[in-house]
Each structure stands twice: as structure tokens, then as C-alpha cells.
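Undergrad: below: sequence and its predicted model.
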Amino acid sequence: MQQFLSNIQIKVNDYLFLKDPSSSELGKRIISGSVELMHEIGFEAFTFKKLAKEINSTEASIYRYFENKNKVLLYLTIWFWGWTESKLVFAITNVEDKELKLKKAITIITEDVLEDRRFKDMNERKLQKVVYDESAKAYINKLVDDENKNGVFANYKSVIQRVSDIILEINPDYPYPKMLVSTIIEGTHLQRFFVDHLPGLTSPKTNSDSDVVQEFFIDLAFKTIKT
């Protein structure tokens with residue numbers, strides 16, 4: 001399995017780009033530079049002109065890869081969920097205990113991530129912050145139906161399906177597994193945003209080593225499906 005992980009490549013729907021950024025050094029710089037810049041200044045202030053300066057390139061070069069900045073944000077978001085799924089598969093493979101499997105799965109989808117040395121061109125910690133702070137802007141818009149028809153959100157849906165399947169292993173009669181999982185994921189985004197920016201809207205850590213967001217959603221999941 002470790003050999004599998006070391007060779008894995010994250011697939012992103014080609015609807016999102018004009019030229020695959022993973023196919024060239026410039027494309028990889030566009031992606032890594034986008035993460036750095038969105039993390040630093042946010043999506044609203046992010047422009048291809050600023051990105052070109054960040055990576056020492058030109059706006060015209062960037063437009064050969066992406067038609068607009070929304071497609072870049074979607075690319076980053078979908079890459080993140082493909083990466084998350086690869087970790088999820090590794091974490092739950094060969095785990096027979098159903099409740100332990102669910103706990104591991106929720107841990108993966110709610111954790112505060114570390115950098116993954118398999119992907120030297122991607123800072124996963126900063127990418128997670130971008131996804132938590134900005135990703136809703138990528139799909140809460142008028143284009144989402146067309147993007148969905150073109151399969152853009154397959155990576156995200158696959159993560160939700162995998163965790164939903166574990167919930168149904170524990171309680172086959174639970175009627176809302178996908179709603180629960182998507183609520184956990186989106187709730188995690190919101191709560192981590194609150195931790196960083198609006199701490200009065202969330203709960204304090206129980207101790208210095210605790211991850212209160214992760215603890216809350218694990219507790220919520222098990223209490224919900226066993227009600």
C-alpha cells in the first residue's frame with residue numbers, strides 16, 4: 001500500500017483547464033503559486049496579473065492553462081479532495097472493525113493536515129486553508145450545474161460516498177448518510193475558519209493537544225447514526 005501511495009497521481013477533471021498544469025514545470029508553478037497567493041491575499045484579491053508576478057511569468061502564459069481564476073480555485077479544491085481520498089483509502093484498507101473504520105475516516109476528512117512529501121510542488125497545509133476559506137466560492141455560483149454535469153465534483157463525491165458506505169455498514173437503516181458526511185465536511189471548513197478568525201463562534205480546546213473540531217464531528221457522527 002505504501003508503494004501505491006508513493007506512485008499515486010491525483011486526477012483532476014480536464015474540464016477545468018485548457019492545458020494540464022501537471023504536464024509542465026510552468027503549469028506546476030502556476031498551481032503552487034496560486035496556493036501561495038490565495039493563502040496570502042485571498043481569492044477576491046487574487047488575479048492572474050499578481051500570479052504572473054509571483055511566479056515570474058506572464059498573464060498570457062497563465063491563460064494558456066486556465067481561462068479564469070474560478071477554474072484555478074476549482075482545480076485546487078478538486079485536487080485537494082482527490083488527495084484526501086488517497087489518504088482515506090490508505091487509512092481504512094484492511095480495517096475490519098466498522099466503528100474504528102468510521103473514526104479513521106472522519107479523522108481524515110476533518111484533520112488539520114501536514115505537508116505530503118510525495119507532492120513536492122504542493123503545500124498541502126496552505127492548500128487546506130485555501131479550501132477551508134475559499135472553496136465554497138468555487139461552486140456556489142450560477143455555473144455549478146454545468147460543472148456538475150461535466151463531472152467536475154467527482155473527487156469530492158467519491159470521498160462522501162466512501163464515508164457514507166461505512167456509516168451504512170454500521171447502521172444500514174440510517175437514512176441520511178451523504179447528508180451527514182457532507183455536513184461534517186462543510187461544517188469542518190466553517191469551524192476551522194471560526195477557530196482562526198471568529199473564535200467566539202466555536203468551542204475552546206479541551207487541552208493543548210486536542211483538536212476540538214475533529215472531536216466534535218466524530219462525536220456528532222456516532223451519536224447521530226446510533227440514535
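TA: Yep, that arrived. Please read all numbers here as calculations on a predicted model, not as lab measurements.
Undergrad: show me where the protein has helices.
TA: Applying DSSP state H to the chain gives helices spanning 2-6, 25-41, 48-54, 59-63, 69-92, 98-110, 124-134, 136-139, 144-149, 154-170, 177-197, 212-225.
Undergrad: number of nearby residues for residue 174?
TA: 15 (other CB atoms under 10 Å). C-beta here means a position set from N, CA and C on the backbone, and glycine is covered the same way.
Undergrad: got it, and residue 92?
TA: By other CB under 10 Å, neighbour count at residue 92 equals 18.
Undergrad: and it, what does it touch?
TA: Residue 92 is in contact with 101, 104-105, 162, 166, counting by CB atoms under 8 Å, 6 or more residues apart in numbering.
Undergrad: nearest to residue 67, of those?
TA: Checking the contacts of residue 92 against residue 67 with CB to CB, the nearest one is residue 162 at 31.3 Å.
Undergrad: skipping its backbone neighbours, what lies nearest that closest one in space?
TA: residue 88 (6.0 Å; CB to CB, 6 or more residues apart in numbering).
Undergrad: residue contacts, the one you found?
TA: 105, 108-109, 159, 162-163.
Undergrad: mind doing that once more with 10 Å?
TA: 81, 104-109, 158-159, 162-163, 166 (CB atoms under 10 Å, 6 or more residues apart in numbering).
Undergrad: now residue 43
TA: 34, 37, 69-70, 72-73, 76, 130, 133-135, 137-138.
Undergrad: is it true that residue 66 touches residue 16?
TA: Yes: in this structure, residue 66 is within contact of residue 16 by CB atoms under 10 Å, at 7.6 Å.
Undergrad: identify the contacts common to these two.
TA: In contact with both residue 66 and residue 16: 72-75, using CB under 10 Å, 6+ apart.
Undergrad: format those residues as TSV; extra columns: pLDDT, distance to residue 10 and neighbour count.
TA: Listed next are those as TSV, based on pLDDT from 0 to 100; distance: CB to CB, whole Å; neighbours: other CB atoms under 10 Å:
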residue	pLDDT	distance to residue 10	neighbour count
72	97	15	28
73	96	16	23
74	96	14	26
75	97	10	22
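Undergrad: low-confidence ranges in the protein?
TA: 1-8, 115, 117, 207-209 (pLDDT under 70).
Undergrad: end-to-end on stretch 36-45?
TA: 13 Å (CA to CA, to the nearest Å).
Undergrad: buried stuff in it?
TA: Residues of stretch 36-45 classed as buried: 36-39, 43 (neighbour count, 16 or more other CB atoms under 10 Å).
Undergrad: identify the residues contacting residue 192.
TA: 110, 112, 128-129, 131-133, 202, 211, 213-214 are the contacts of residue 192 under CB under 10 Å, 6+ apart.
Undergrad: so which of the residues you listed wins on neighbours?
TA: residue 131 (25 neighbours).
Undergrad: wait, doesn't it sit right on residue 79?
TA: Yes: with contacts defined as CB under 10 Å, residue 131 counts as touching residue 79 at a distance of 9.4 Å.
Undergrad: gap between stretch 56-66 and the chain center?
TA: 25 Å (CA atoms, centre = their mean, to the nearest Å).
Undergrad: now that stretch: buried residues?
TA: 57, 61-62, 65-66.
Undergrad: grab the nearest non-local neighbour of residue 189.
TA: That would be residue 132: by CB to CB, 6+ apart, it lies 4.5 Å from residue 189.
Undergrad: what distance do you get for the one you found to residue 206?
TA: 21 Å (CB to CB, to the nearest Å).
Undergrad: again, but for residue 30
TA: Distance from residue 30 to residue 206, by CB to CB: 41 Å.
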